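In: A predicted structure for the sequence below; I have some questions about it.
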Amino acid sequence: MDAGGYGLIKEDFEKKPQFYQSLKAFQNGRVYVLLPYIYYVANIGTAMADAHGAGKVLYPERFKDIDLPTKADEIYTFLVGVPVYKEMARDFGQLMAPF
């Protein structure tokens, strides 16, 4: 789930828990937070960090050596010159945190 809308989804979840609990992803604990990569423009670095996060969930053996905060900061540093994962996590939550 896109962290940009996390608050709205959490609010809706509290109003209609039966709806969300009827979804297999929620039943199986397979709902994760992705950092928002489209705000005013597409943030390619965040999309790449999100892709690594998805890879850790979908292909855990292939991504077992990847530390998401470290990888995100490598990507951000390469693209924008500074590591900004801590700020992103502070504002939106940890990448791939369970809902």
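Out: Okay, I see it. Everything numeric in this text was worked out from a predicted model, so none of it was measured.

In: Verify the contact between Tyr85 and Pro69 for me.
Out: Yes. In this structure, Tyr85 is within contact of Pro69 by Cβ atoms under 8 Å, at 5.0 Å. In this view, the C-beta of every residue, glycine as well, is placed from N, C-alpha and C.

In: Specify the residue positioned farthest from the middle of this protein.
Out: In the chain, the greatest distance from the average C-alpha position (Cα atoms, centre = their mean) is reached by Gln18, at 24.0 Å.

In: shared neighbours, Tyr85 and Pro69?
Out: Shared contacts of Tyr85 and Pro69 (Cβ atoms under 8 Å, 6 or more residues apart in numbering): Leu95.

In: more neighbours, the two?
Out: Tyr85 (23 against 15; other Cβ atoms under 10 Å).

In: distance of the more buried one from Asp67?
Out: According to Cβ to Cβ, to the nearest Å, Tyr85 and Asp67 sit 11 Å apart.

In: same check, this time on Gly55
Out: Taken as Cβ to Cβ, the span from Gly55 to Asp67 is 13 Å.

In: and if you look at Ala42?
Out: 25 Å.

In: Kindly report the same for Tyr6.
Out: 23 Å.

In: In the protein, what residue spans correspond to helices?
Out: 6-15, 17-21, 24-27, 44-58, 68-80, 85-92 (DSSP state H).

In: Need the ones you listed in a markdown table (columns: distance to Ile38 and mean pLDDT).
Out: Below are the helices of the chain laid out as a markdown table (distance: least, Cβ to Cβ, whole Å; pLDDT from 0 to 100):
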| stretch | distance to Ile38 | mean pLDDT |
| --- | --- | --- |
| helix 6-15 | 15 | 94 |
| helix 17-21 | 24 | 96 |
| helix 24-27 | 22 | 94 |
| helix 44-58 | 8 | 96 |
| helix 68-80 | 16 | 97 |
| helix 85-92 | 13 | 94 |
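
In: closest to Val33 out of those?
Out: helix 6-15 (6.4 Å; Cβ to Cβ).

In: Show me which parts of that closest one are buried, residue by residue.
Out: Buried residues in helix 6-15, defined by neighbour count with 16 or more other Cβ atoms under 10 Å: 6, 9.
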